[in-house]
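J.: Sequence and predicted structure are below.
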Amino acid sequence: AQSVTQLDSQVPVFEEAPVELRCNYSSSVSVYLFWYVQYPNQGLQLLLKYLSGSTLVKGINGFEAEFNKSQTSFHLRKPSVHISDTAEYFCAVKNTGGFKTIFGAGTRLFVKA
Amino acid sequence: EAQVTQNPRYLITVTGKKLTVTCSQNMNHEYMSWYRQDPGLGLRQIYYSMNVEVTDKGDVPEGYKVSRKEKRNFPLILESPSPNQTSLYFCASSFQGPLDTEAFFGQGTRLTVV
């Protein structure tokens, strides 16, 4: 079975500052990893995904994440955030041979002017 | 435009009154699922379907039913809603190919049961 832990429930940050949202996962088999973003009153949309290959993955809106197999982590980063990045971010894991996606509890990113 | 459409977006109902939340996708995806989102708990899977007439329980199936008579539709049925089913519900769909693994989500249905 897989599980996902997002280490911060809320992250406040000033505009143009860097940010890192932390995600750790647990799995006994190979997994795919995802970050989704949920803007207020909207559904989730894919930000980026790791399937295989390069451990540094680039996504939309300037976000990137690094897969670290030894630490079972998939932290999300952005070097300079904007007010419009204020949203909830979900880390998710999926067994490469399975159908089900497991989501973390989410991290609320607040970007302040 | 590729999308997952849920209806209604908002619903207030009374305890015990049967309701259905519809979900439709236009991407020919095999896999569809329902989630509920509650503060601090993330998204928890209610039911999923791997194809027409194939459905199975997720992590929190109690009090819910689903059906998959057509590939594009996957309605969620609450036969006798209770206040603890007040939540934000999402339908999602995806392919099961080796690379097309991400889920596409509907806009959500905010349900209040009084």
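T.: The structure has been received and is ready for your questions.

J.: going forward, measure contacts between C-alpha atoms and count neighbours the same way
T.: Fine.

J.: number of nearby residues for residue 30?
T.: Just going to use chain A. Using other Cα atoms under 10 Å in any protein chain shown, residue A:30 has 14 neighbouring residues.

J.: Actually, chain B is the one I wanted.
T.: 16.

J.: Give me the phi and psi for the residue lying closest to it once chain neighbours are set aside.
T.: Nearest residue to residue B:30 in three dimensions, chain neighbours excluded: residue B:51, at 5.0 Å (Cα to Cα, 6 or more residues apart in numbering or on different chains). With angles defined as degrees, to the nearest 10, residue B:51 sits at phi -180, psi -180.

J.: now do residue A:83
T.: With angles defined as degrees, to the nearest 10, residue A:83 sits at phi -50, psi -40.

J.: Contact partners for the residue of chain A found nearest chain B?
T.: Using Cα to the nearest Cα, the closest approach of chain A to chain B is made by residue A:105 at 3.6 Å. Contacts for residue A:105 (Cα atoms under 8 Å, 6 or more residues apart in numbering or on different chains) come out as A:5-6, A:9, A:90, B:40-43.

J.: Out of those, flag the one nearest to residue B:78.
T.: Checking the contacts of residue A:105 against residue B:78 by Cα to Cα gives residue B:43 as the nearest, at 18.3 Å.

J.: burial measure for that closest one, as a count.
T.: Close neighbours of residue B:43, defined as other Cα under 10 Å, add up to 23.

J.: Next: the one 10 residues further on.
T.: Applying the criterion other Cα under 10 Å, we find 11 residues in the vicinity of residue B:53.

J.: tell me the pLDDT at the residue lying closest to residue A:106 once chain neighbours are set aside?
T.: Residue nearest to residue A:106 in three dimensions, not counting chain neighbours: residue A:90, with 4.6 Å by Cα to Cα, 6+ apart. Looking at residue A:90, its pLDDT is 95.

J.: Is residue A:90 in contact with residue A:107, as I believe?
T.: Yes: judged on Cα atoms under 8 Å, residue A:90 makes contact with residue A:107 at a distance of 6.5 Å.

J.: Mutual contacts of the two, please.
T.: Contact criterion Cα under 8 Å, 6+ apart; residues shared by residue A:90 and residue A:107: residue A:6.

J.: I appreciate the help and will end here.
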